[in-house]
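Participant: When you get a sec, could you give me coordinates for this:
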Amino acid sequence: MLISLGVLLLGIVILTVGGEVLVKVATRLALGVGMTPLVVGLTVVAFGTSAPELFVSASSSLAGSPSVAVGNVIGSNILNVLLILGISAVIVPLAVQSQIVKFDLPVMAGATFALILFALDGNVSRIDGAILFVGLIAYIWYLIRLSKRNPNDPLKEEVDGAGAKSPIWINLGLISLGLGCLMAGSKLFVSSATDIARQFGLSELVIGLTVVAFGTSLPEIVTSIIAALRGQRDIAVGNIVGSNIFNILSVMGITSILNPVPFAQEALLFDIPVLVGVTIVCVPILWAGYIITRIEGAALLLGYVSYTTYLVLYHTHSPLFLQFKSAMIFFVLPLIIITVCSVAYSFARAHLRELRSQK
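Facilitator: From the prediction side, this is the model:
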């Protein structure tokens, strides 16, 4: 058990190092060929922070553990919104750029519902994966066009130092190092996570939804929390929304192209509805004044703690499960629903006042 935990932690460290190296070098190269900071931030950086999810999901599927791949994507997206946005907003209220609300958020919702539609038959086929990947290409293409209309890039200050020129052989060597770390880290992570799941009697799906999702989301966690602490509040939100889009279109798309991914019935009946609920909750929270308050962040954080505790208690057959389920039904869910309804009501009132003022 201790050996498996040690290997798991080692895998997390290697994945994090690999993702960090890949992001920095890819950003430098992208800026060097003339890509704008906005496109770099929403494509190269978002893809880089999602690289651990891609390598873990692909290696899990090819190794005969598709439930880990499914749990990784679904769990990462749930964790990104509930845990990372929640913690970041508790640290400091998060500002939301209008582009994220008007374009990236609808894309995230559309990608989520496309994945659900493909998974309804219990399997994401190679054709489904190809459609998701084409969606990724279309998304990147539109971002590039959008950046040409917006030369005053708000992310410029964040990546000015990344454009320093380095010899090409150093960049290529660092990219190889980053990719090697991702491949080695993902292999260690998947094997150790599967061993731990078996020792605790947990299914591969649950370990994918919790431990694997947390480990592969470390780049997003670190990036968003540091951005919030530095006062770069819009970066924290954009990182999460962009990462969720890439997780579905890129990670699930490429993984299912390599090997069709079956969806377990329990994921379709519980975890997918939770993902839908999380996606729907994002809409009024992000639209309401383009800001996520500390109260809303606390509600998101409470939702993640409740979701994770529910999974662990249910799948370990804990005697505390029934009491926790009652607390969820009669306390936690009503509290979250009241918070979301309050946000939606405030947004509706503000929107109506804006419409009246325009007449």
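Participant: lowest average confidence, helix or strand, in the protein?
Facilitator: Within the chain, confidence by mean pLDDT, DSSP states H and E is lowest for helix 156-159 among all helices and strands, at a mean of 45.
Participant: could you pull out the helices for the stretch 251-359 of the chain?
Facilitator: Under the criterion DSSP state H, counting those that start in this stretch, the stretch 251-359 of the chain contains helices at 253-258, 265-266, 272-287, 294-315, 321-327, 333-358.
Participant: Can you say which of these is packed in most?
Facilitator: Burial of these is given as mean neighbour count (mean count of other Cβ atoms under 10 Å); helix 253-258 ranks first at a mean of 23. Placement of C-beta: from N, CA and C, glycine included.
Participant: same question for that one, mean pLDDT?
Facilitator: Mean per-residue pLDDT for helix 253-258: 90.
Participant: so what does that helix touch, helix or strand wise?
Facilitator: helix 46-62, helix 126-148 (3 or more Cβ pairs under 8 Å, 6 or more residues apart in numbering; DSSP states H and E).
Participant: For whichever helix or strand Leu205 is part of, which outside residues touch it?
Facilitator: Leu205 is part of helix 204-207, with elements assigned from DSSP states H and E. The contact list for helix 204-207 (Cβ atoms under 8 Å, 6 or more residues apart in numbering) reads 65, 67-68, 70-71, 193-194, 196-197, 264, 266-267, 271, 311-312, 315.
Participant: Now with 6 Å, please.
Facilitator: 65, 67-68, 71, 193, 197, 264, 267, 311, 315 (Cβ atoms under 6 Å, 6 or more residues apart in numbering).
Participant: Out of those residues, which two sit at the greatest distance?
Facilitator: Farthest-apart pair in these is Ser65 and Leu311; separation 17.7 Å (Cβ to Cβ).
Participant: how about low-confidence regions in the stretch 201-350 of the chain?
Facilitator: 219, 223, 226-227, 230-236, 284, 286-290, 332, 336, 339-340, 343-350 (pLDDT under 70).
Participant: Just the buried positions in the longest helix anywhere in the chain, please.
Facilitator: As assigned by DSSP state H, the longest helix anywhere in the chain is helix 168-200. Going by neighbour count (16 or more other Cβ atoms under 10 Å), the buried part of helix 168-200 is 171, 174, 178, 181-197.
Participant: which other helices and strands contact it?
Facilitator: helix 2-32, helix 46-62, helix 204-207 (3 or more Cβ pairs under 6 Å, 6 or more residues apart in numbering; DSSP states H and E).
Participant: Now render these as JSON lines, adding distance to Ser125 and mean neighbour count.
Facilitator: As requested, the helices and strands packed on helix 168-200 are exported to JSON lines (distance: least, Cβ to Cβ, whole Å; neighbours: other Cβ atoms under 10 Å):
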{"stretch": "helix 2-32", "distance to Ser125": "28", "mean neighbour count": "19"}
{"stretch": "helix 46-62", "distance to Ser125": "13", "mean neighbour count": "26"}
{"stretch": "helix 204-207", "distance to Ser125": "19", "mean neighbour count": "26"}
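Participant: Lys102 is nearest to which of the ones you listed?
Facilitator: Short answer: helix 46-62, nearest of these by Cβ to Cβ, at 17.8 Å.
Participant: Counting by contacts, list what that closest one packs against.
Facilitator: Secondary elements touching helix 46-62 (3+ Cβ pairs under 6 Å, 6+ apart): helix 2-32, helix 66-79, helix 168-200, helix 213-216, helix 233-246, helix 253-258.
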